[in-house]
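**Student:** I'll drop the sequence and a predicted model, then ask my questions.
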Amino acid sequence: MGSDHTPRGHLAPVPVGSKLGAAFERMEERIRERAYELFTRRSPDDGDAVADWVTAQTELLTPVEFVVKEHKQHVRIEGNLKGFNPTDIEVEVGPGELRVFGSHESSSRSEKRGVASSSRETRHFFQVVPLPCDVELDDGEARLLKNGKLSIKLSKKRNAA
């Protein structure tokens, strides 16, 4: 999965693995709970369950757009994850798709005129990116650049001879 050498302009590598199921299930449960909360707050005649689910997703997930570029021997997927750290991101390669999950919490404290205040921000995203071709499931590299761009390189599947 790449070397220990971190090129200039890069942060630590982002792990590429196959353990996203649990993280996604936790996020799906949070969306389910929020959708149910929206349902219980509205009149049964107003809205519907699908709208509640979409609203919950919109409230809880940060939208992230990924661009897929197919090259001769590999596929590169890039997306802007400014504000996330490499340890906040999980990448999983599956047959025909790439799944990327991120969860980042930040907090700050300030004091004005003797009054202390604190704030906390939590950002999550989950994106499934269809792949244009078959890729090697165990030969991928992901790096988060200092400018916040996530760059994922996946080798195309080698043809069996």
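**Tutor:** Ah, there it is. Numbering: from 1, shown residues only.

**Student:** Okay, now the unreliable bits of this structure?
**Tutor:** In the prediction, the chain carries residues with pLDDT under 70 at positions 1-23, 160-161.

**Student:** can you give me the strands in it?
**Tutor:** Remark: strands assigned in the chain by DSSP state E are 10-14, 16-17, 66-70, 74-80, 89-94, 97-112, 115-130, 135-145, 149-156.

**Student:** Among those, which comes closest to S43?
**Tutor:** strand 115-130 (29.3 Å; Cβ to Cβ). The C-beta positions use only the backbone N, C-alpha and C, and glycine is treated the same way.

**Student:** For the longest helix seen in the chain, name the packing helices and strands.
**Tutor:** Ranked by residue count and defined by DSSP state H, the top helix of the chain is helix 20-41. With contacts defined as 3 or more Cβ pairs under 8 Å, 6 or more residues apart in numbering; DSSP states H and E, helix 20-41 has these neighbours: helix 49-60, strand 89-94, strand 97-112, strand 115-130.

**Student:** ok and it relative to strand 89-94, angle-wise?
**Tutor:** 110 degrees (axes from the mean of the first three to the mean of the last three Cα atoms, to 10 degrees).
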